[in-house]
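A.B. asks: structure, please.
(chains A, B, C and D)
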Number of protein chains: 2
Amino acid sequence: MSDKVRVVVADAQVLCRVGLCQVLKAEEQIEIVGEANNTESLLSLVSEVKPQVVIIDYNQPGYFDARIAGQIKDISPITDILVISSDDRKERIYQVLEDGVNSFLTKQCDEGEIIDAIRATAKGDKFYCHKILDLIIERSFPSKSENCAATPLSPREKEILTLVAKGKIAKEIAAELHISPHTIYTHRKNILRKLKLTSPTEMIVYALEQGLIELES
Amino acid sequence: MSDKVRVVVADAQVLCRVGLCQVLKAEEQIEIVGEANNTESLLSLVSEVKPQVVIIDYNQPGYFDARIAGQIKDISPITDILVISSDDRKERIYQVLEDGVNSFLTKQCDEGEIIDAIRATAKGDKFYCHKILDLIIERSFPSKSENCAATPLSPREKEILTLVAKGKIAKEIAAELHISPHTIYTHRKNILRKLKLTSPTEMIVYALEQGLIELES
DNA sequence: CTCTAAATTAGACTAAATATAAATAAAAGC
DNA sequence: GCTTTTATTTATATTTAGTCTAATTTAGAG
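C.D. replies: Got it, this is the predicted structure:
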């Protein structure tokens, strides 16, 4: 048992794993104790070695998904998580940030930020890259942003938007939620007004961007 | 001037560049003569060093796009191109394949395929990973696939699908194309029938998957 | 307690979409 | 050359979805 920080690298893409390992090798106080390319192998690895740090891209359908942070914390609460993801959906990112992740980078980050983040997380500190910090600030101080409020939709409106985006028509949604079709129309009108959109199609695009629905199943 | 194959690595993500360089280092007969993280620096690099091979991910909005293969070939016709991309839109992939690319991998490929592809491309051969070969075969022998024809839509139908997906209603499209709104309805009905879809919303999702429209502008 | 926002609903009305049918032109097959 | 299919186009009558306006109920903020 060395006194180095024990790190697990989890990414479905071999190039990213190799790149990350290469960057980590330059760090004296870090030891890579394992790699994983899917949820199953990562979780058994975590339960086995209880690493101090897991570096992961959760945004890889079929390999990893956004629930991974909670699953890691359940198995090993002492493990700190550094996300290096290609995700660009604000709501999904907010969700992951609230889910016990310590540090968060995007794959567009430059080398300096990656190294800083790895060092900070290995010390138990938190680190967020510029892009993620901008998102956090935008959410904390919505008045500063020109785009304003991240999601000004009420829970019910989100629910209805999700169903609309899935291709259901008002009548079907009404039957599902046991309310009148007129209620759906009103909600939808309010959603369009709030988001300053003009066509139902733009709602789909919005829902996709916000991570309310997924492309391909 | 050595007798090694001179390779340029182009990827906006530093981790992928590092990973790729690491993999290439293991290849005796390859020499990395430059790296680029955006179109401008790549093109000036290509024009300067005229590499035998460029390895690139064209699917990085703001850094590289699908036109890059043609641009490289214009500057340096002798350069072979190996794409290692995260793109999953069939139509876009077909378009790039027709655009003078020699080899094509996805970032989900395993290490073996990546090494094989690099060696093959360095020798001037072509290489396609399993996933891409499946796509090519699917297009060449549409009857074999259960999903059948990649895009069985006529040009006119594609045009109308694109406009519908942009949020325009039949009347607006009719005015734009100088035809009757009824024509639009008929086309749309045919599109839904051909794609075995049931709601207009699914058309939007289809158009997004096919790369007919783009998320965010 | 009052005021606002969220959630709900209805009736009258308008616009969009479907079903059905069909004409024309071009491409493919024999 | 003739037939068949596909693409493109259109129309009428009918059905359905969606909008506008208006209103009620509930819950939370101040």
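A.B. asks: all strands for chain A, in order.
C.D. replies: Along chain A, counting by DSSP state E, strands occupy A:5-10, A:30-36, A:53-56, A:80-85, A:103-106, A:127-128.
A.B. asks: output the ones you listed as JSON lines; include the columns mean pLDDT.
C.D. replies: As requested, these are exported to JSON lines (pLDDT from 0 to 100):
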{"stretch": "strand A:5-10", "mean pLDDT": "94"}
{"stretch": "strand A:30-36", "mean pLDDT": "94"}
{"stretch": "strand A:53-56", "mean pLDDT": "95"}
{"stretch": "strand A:80-85", "mean pLDDT": "94"}
{"stretch": "strand A:103-106", "mean pLDDT": "94"}
{"stretch": "strand A:127-128", "mean pLDDT": "94"}
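A.B. asks: can I get those in JSON lines including mean neighbour count and distance to DNA strand C?
C.D. replies: Quick note: C-beta positions are derived from backbone N, CA and C, even for glycine. Listed next are those as JSON lines, based on neighbours: other C-beta atoms under 10 Å in any protein chain shown; distance: least, C-beta to the nearest atom of the strand, whole Å:
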{"stretch": "strand A:5-10", "mean neighbour count": "24", "distance to DNA strand C": "37"}
{"stretch": "strand A:30-36", "mean neighbour count": "19", "distance to DNA strand C": "40"}
{"stretch": "strand A:53-56", "mean neighbour count": "26", "distance to DNA strand C": "34"}
{"stretch": "strand A:80-85", "mean neighbour count": "25", "distance to DNA strand C": "30"}
{"stretch": "strand A:103-106", "mean neighbour count": "24", "distance to DNA strand C": "29"}
{"stretch": "strand A:127-128", "mean neighbour count": "20", "distance to DNA strand C": "29"}
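A.B. asks: mind checking the ones you listed for the one nearest to A:Tyr185?
C.D. replies: Closest to A:Tyr185 of the strands of chain A is strand A:80-85 (C-beta to C-beta; 37.4 Å).
A.B. asks: can I get that closest one in CSV, CA atoms only?
C.D. replies: What follows is strand A:80-85, C-alpha atoms only, in CSV (Å, rounded to 0.1, in the frame of the first residue of the first chain):
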residue,chain,number,x,y,z
ASP,A,80,-14.0,11.6,-5.0
ILE,A,81,-15.3,11.9,-8.6
LEU,A,82,-13.8,14.0,-11.4
VAL,A,83,-16.0,14.2,-14.4
ILE,A,84,-14.3,14.9,-17.8
SER,A,85,-17.3,14.8,-20.1
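A.B. asks: and it, how far from the chain's centre?
C.D. replies: Strand A:80-85 has its C-alpha centroid displaced from the chain centroid by 10 Å (C-alpha atoms, centre = their mean, to the nearest Å).
A.B. asks: could you check the angle that strand makes with strand A:5-10?
C.D. replies: 40 degrees (axes from the mean of the first three to the mean of the last three C-alpha atoms, to 10 degrees).
A.B. asks: residues contacting strand A:80-85, please?
C.D. replies: Outside strand A:80-85, the residues that touch it by C-beta atoms under 8 Å, 6 or more residues apart in numbering or on different chains are A:11, A:16, A:20, A:52-59, A:69, A:72-73, A:96, A:100-107, A:109, A:114, A:117-118, A:121, A:124, A:127, B:15.
A.B. asks: out of the strands of chain A, flag the one nearest B:Leu43.
C.D. replies: Nearest of the strands of chain A to B:Leu43, taken as C-beta to C-beta: strand A:103-106 at 25.1 Å.
A.B. asks: so what does that closest one touch, helix or strand wise?
C.D. replies: On a contact count with 3 or more C-beta pairs under 8 Å, 6 or more residues apart in numbering or on different chains; DSSP states H and E, strand A:103-106 meets strand A:80-85, helix A:90-97, helix A:111-122, strand A:127-128, helix A:130-140.
A.B. asks: tell me the most buried of the ones you listed?
C.D. replies: Ranked by mean neighbour count, the helices and strands packed on strand A:103-106 are led by strand A:80-85 with a mean of 25 (mean count of other C-beta atoms under 10 Å in any protein chain shown).
A.B. asks: A:Asp3 - how many residues pack around it?
C.D. replies: By the criterion of other C-beta atoms under 10 Å in any protein chain shown, A:Asp3 has 7 neighbours.
A.B. asks: in the sheet, who's paired with the nearest residue to A:Ile136 once chain neighbours are set aside?
C.D. replies: Distances taken as C-beta to C-beta, 6 or more residues apart in numbering or on different chains place A:Tyr128 nearest to A:Ile136, at 6.7 Å, with adjacent residues excluded. When bridges are called by DSSP bridges, A:Tyr128 pairs up with A:Phe104.
A.B. asks: what pairs with the closest residue to A:Val33 other than its chain neighbours across the strands?
C.D. replies: Nearest non-adjacent residue to A:Val33, counting by C-beta to C-beta, 6+ apart: A:Arg6, 4.6 Å away. Note on A:Arg6: beta-bridge partners by DSSP bridges are A:Glu31.
A.B. asks: follow-up on the earlier one: B:Glu48: which of the helices and strands packed on strand A:103-106 is closest?
C.D. replies: Among the helices and strands packed on strand A:103-106, the nearest to B:Glu48 by C-beta to C-beta is helix A:111-122 (23.3 Å).
A.B. asks: can you give me how far the closest one is from the chain middle?
C.D. replies: Distance of helix A:111-122 from its chain centroid, counting by C-alpha atoms, centre = their mean, is 19 Å.
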